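Engineer: Next input, structure requested:
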Amino acid sequence: MNPFIISFAIKLTILLMAGGLAAILVRRSTYAMRHAVIAATLLCVVALPATMLAVPEWRVGVLPAASPVSRTFTIVATPVRAIVSSATETKINAAAPSTSESMHPVLMTSLVEPSLSAASVIATRPSLAASVLASLRTTTPSQLLLAIWLAGVALGLAWIALGRYGLARVRRRATPLATYEWR
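Structural biologist: Numbers count the residues shown, from 1 in each chain. Purely as a prediction, here's the structure:
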């Protein structure tokens, strides 16, 4: 996961929580004051990505840095006899008369059989449920927290959209009061 997105999600959540707390604290104040608090919060939310890109990053080491562990990987390649046709084998033997076989170190990373058809590849593909379960097993806690946060944001936006739809419906069905008494 991109560190910028994680940092953005954390800062955005803190900013919205602070703005919501400030709006709750001024709830007994005038409408203008509450509007100013909410407008300032939304302005900060909109300006947050540009501010994060413009301001240099400041890293503070809270815990001591872990000492890097030096790992040595050794790749052992066993010599494998080269697979050649008999015509090229005679050419190799003629070029190098001291050896009858050509020995090459080979590191095999994958084995692909040429007889695989598209139907057999599709038949061996895991189902959607199996792939979702496999991806859930490899999910880190930070990815899980980000997914929960994004689900909350989506639910909040859906709630706002539903409220706006209901308000528009009430407005469409309303009758204007044009009589003198109501003015």
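Engineer: pLDDT (mean, whole number) over stretch 165-181?
Structural biologist: Averaging pLDDT along stretch 165-181 gives 89.
Engineer: An error on my part: the question was meant for stretch 10-30.
Structural biologist: 93.
Engineer: show me where the chain has helices.
Structural biologist: 3-25, 31-54, 86-95, 118-124, 128-137, 141-173 (DSSP state H).
Engineer: Nearest to residue 183 among the ones you listed would be which one?
Structural biologist: helix 141-173 (19.4 Å; CB to CB). Glycine gets a C-beta too; all of them are placed from N, C-alpha and C.
Engineer: Now the closest one: buried residues?
Structural biologist: For helix 141-173, the neighbour count (16 or more other CB atoms under 10 Å) marks residue 146 as buried.
Engineer: what's the distance between the closest residue to residue 13 other than its chain neighbours and residue 56?
Structural biologist: Leaving aside its chain neighbours, residue 13 sits nearest to residue 149 (6.6 Å; criterion: CB to CB, 6 or more residues apart in numbering). Going from residue 149 to residue 56 by CB to CB, to the nearest Å gives 26 Å.
Engineer: try residue 148
Structural biologist: Taken as CB to CB, the span from residue 148 to residue 56 is 30 Å.
Engineer: just residue 40 next, same as before
Structural biologist: Residue 40 is 25 Å from residue 56, by CB to CB.
Engineer: In terms of neighbours, single out the busier of the two.
Structural biologist: residue 40 (12 against 4; other CB atoms under 10 Å).
Engineer: Test for you: state the pLDDT assigned to the more buried one.
Structural biologist: For residue 40, the pLDDT comes out at 95.
Engineer: now do the one 5 residues further on
Structural biologist: Per-residue confidence (pLDDT) for residue 45: 92.
Engineer: was I right about it contacting residue 13?
Structural biologist: No - using CB atoms under 8 Å, residue 45 is not in contact with residue 13; the gap is 10.5 Å.
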